[in-house]
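Asker: fold the following.
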Amino acid sequence: YKKMLIKKVLGFIPARSGSKGVPNKNIQPIKNIPLLEYSVFSAIKAKEKGYLSDVVVSTDSQDYLSILHGYNIEKEYIRPKKISGDSSPTIDSVMDVLKWYEKYKLTKFDAVMILQPTTPFRTPEHIREAIILMNSDLTLTCVASICKLADHHPLRIKRLLSNGQLVNFCHDYAELEPSRRQDFNPDAYIRNGAIYLTKVKDLESTGLIRGSKVAGMVMPEANSINIDEHMDYIVAKESLDYDAFSSDLSFFQKLINKE
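Answerer: This is a model prediction of the structure:
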């Protein structure tokens, strides 16, 4: 079984230049640091520690790569325009990078770790933890990072009928009264988008990033902040200064202070 352990892991950071909600979302600054740079910083530190074999930013923009000129990432690859549109699935860009590495670098990887820039606060230790988790069960198809839901527990999620009536979203989980979140059972989790780790052989055989047997890797609330709308940049910025999050986010002070 040892030969099936994943050892060579590619850190894959998808960062196309277009965005409808927030223009150039991936390079909007948080504390004067472009959003994309947080993920690159973590990935390069993970590479220096030997957790990742290489790091590539899959972008269609030379400008994005020039922002990252100081980092030891793969600089020769540019994502083709035909797989850089709004509706282009991530799997297409992953497979394109793998083929590029094989053709131009004569390199194959055991697994790909997708590190989305929009969840900027994952650390090298989260990257390491995902690889350990994948290697603990060789039947897994993916390790996905998750965050525990508190106020947005499924018991509180509703549907609005055409007559305006508010009903439970799902019959299996009816919200009782009184409703206190500390009583919600069972615990519920959401994928936070920070990490998807998938073996290359599964990507090639199924074309799926998560597949049929996914392990959830729980991350703290602070590290799970997801950037989607304008308001999220404010939340992320304030989180870096929030005392209760300081231990979870201390790693990024080195980046902010340019140490």
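
Asker: biggest strand in this structure by residues?
Answerer: Criterion DSSP state E: the longest strand present in the chain is strand 189-199.

Asker: immediately after that strand, which helix or strand?
Answerer: Going down the chain from strand 189-199, the next helix or strand is helix 200-206, by DSSP states H and E.

Asker: about what we covered before: quick one: strands adjacent to the longest strand of the chain?
Answerer: strand 111-114 (antiparallel), strand 142-148 (antiparallel) (DSSP bridges).

Asker: mean confidence (pLDDT) on the shortest one, please.
Answerer: Read that as strand 111-114. Here strand 111-114 scores 98 as its mean pLDDT.

Asker: not counting that strand itself, show me its contacts.
Answerer: The contact list for strand 111-114, computed with Cβ atoms under 8 Å, 6 or more residues apart in numbering, reads 6, 8-14, 52, 90, 94, 97-98, 127, 130-131, 134, 195-200, 203, 209. The way it works is simple: take the backbone N, C-alpha and C, and place the C-beta from them, glycine included.

Asker: who wins for proximity to residue 35 among the strands paired with strand 189-199?
Answerer: Taking Cβ to Cβ, strand 111-114 is the member of the strands paired with strand 189-199 nearest to residue 35, at 16.0 Å.

Asker: report the distance from that closest one to the chain centre.
Answerer: 10 Å (Cα atoms, centre = their mean, to the nearest Å).

Asker: in the helix or strand just after it, what counts as buried?
Answerer: Next along the chain after strand 111-114, taking DSSP H and E as the criterion, comes helix 124-136. Buried residues in helix 124-136, counted by 16 or more other Cβ atoms under 10 Å: 124, 126, 127, 129, 130, 131, 133, 134, 135.

Asker: report all helices and strands that helix 124-136 contacts.
Answerer: Here helix 124-136 touches helix 35-48, strand 111-114, strand 142-148, strand 189-199, strand 214-218, going by 3 or more Cβ pairs under 8 Å, 6 or more residues apart in numbering; DSSP states H and E.

Asker: pick the most buried one from the ones you listed.
Answerer: Most buried of the helices and strands packed on helix 124-136, by mean neighbour count (mean count of other Cβ atoms under 10 Å): strand 111-114, with a mean of 24.
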